[in-house]
Every structure is written in structure tokens, then in C-alpha cells.
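[1] can't give you the sequence, but here's the structure:
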């Protein structure tokens, strides 16, 4: 198992706290697209996009740029928390539906 950190701040030459590239290790489009969607809902975000450097690499480069009212790191953290809340809601709704399910009597 690789000992890389899950999320790293990429060295892209940017010195601004409002525009950062993050590398998310051991993830792919599944997380990245959902996270991008959640982050783009934030009105303080000017740009958010991601790339997968190569299909055989399990990492995602995530670029976030804000309107300078919040930092890119704060936006990333909020996006992750918001996505986690949505996933918890989906899981709870599913579990409740399974408990309430009444099979048809034939």
C-alpha cells in the first residue's frame, strides 16, 4: 500500500490561497465528478475542474479558484463535508425504504 497522503496541495507555482490545485490520491472520476458538482454550487467559486493524469494512475488533480472571499482549501473542505452529508442522506433514505418494504403476497 502506498503511504501517500490522501489529499496534497500540488506545487503548481500559485502562491495565492484563493487558487490552488489539490491532488487526491487513490480516487477516480467517481468521487471527483460528485465533488466538483458540490463545489460548483458554492457561490464563492469562480472555477472548479479536475483531471485524471492517466487512466492507469489512481489520482485526480483538482483545481479550485475562488472570488477571494474564502480560500480554495476552505471551499474544498466544505465540498467534502457537503458531499458526505448528501451520501448520509441517501444511505438513510435507502435504509428506511428497505425497512418499510412489504413484499407482495402471491
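    Here it is on my side, so go on. Since this is a predicted model, take the numbers as computed values, not measurements.

[2] check which residues of the longest helix anywhere in the chain are buried.
    Ranked by number of residues, the top helix in the chain under DSSP state H is helix 72-100. The neighbour-count check on helix 72-100 (16 or more other C-beta atoms under 10 Å) flags 72-76, 78-80, 82-83 as buried. Just so you know, the C-beta spots here come from the backbone N, C-alpha and C atoms, and that holds for glycine as well.

[3] show me what it is packed against.
    Contacts defined by 3 or more C-beta pairs under 8 Å, 6 or more residues apart in numbering; DSSP states H and E place helix 72-100 against strand 19-25, helix 29-40, strand 59-66.

[4] centre of the chain to the first one, how far?
    Spelled out, that is strand 19-25. 11 Å (C-alpha atoms, centre = their mean, to the nearest Å).

[5] what packs against that strand?
    Counting by 3+ C-beta pairs under 8 Å, 6+ apart, the packing neighbours recorded for strand 19-25 are strand 7-9, strand 59-66, helix 72-100.

[6] of those, which is nearest residue 18?
    Nearest to residue 18, of all the helices and strands packed on strand 19-25, is strand 59-66, at 4.7 Å by C-beta to C-beta.

[7] need the residues that contact that closest one.
    10, 18-29, 31-32, 35-36, 39, 44-53, 72, 75-76 (C-beta atoms under 8 Å, 6 or more residues apart in numbering).
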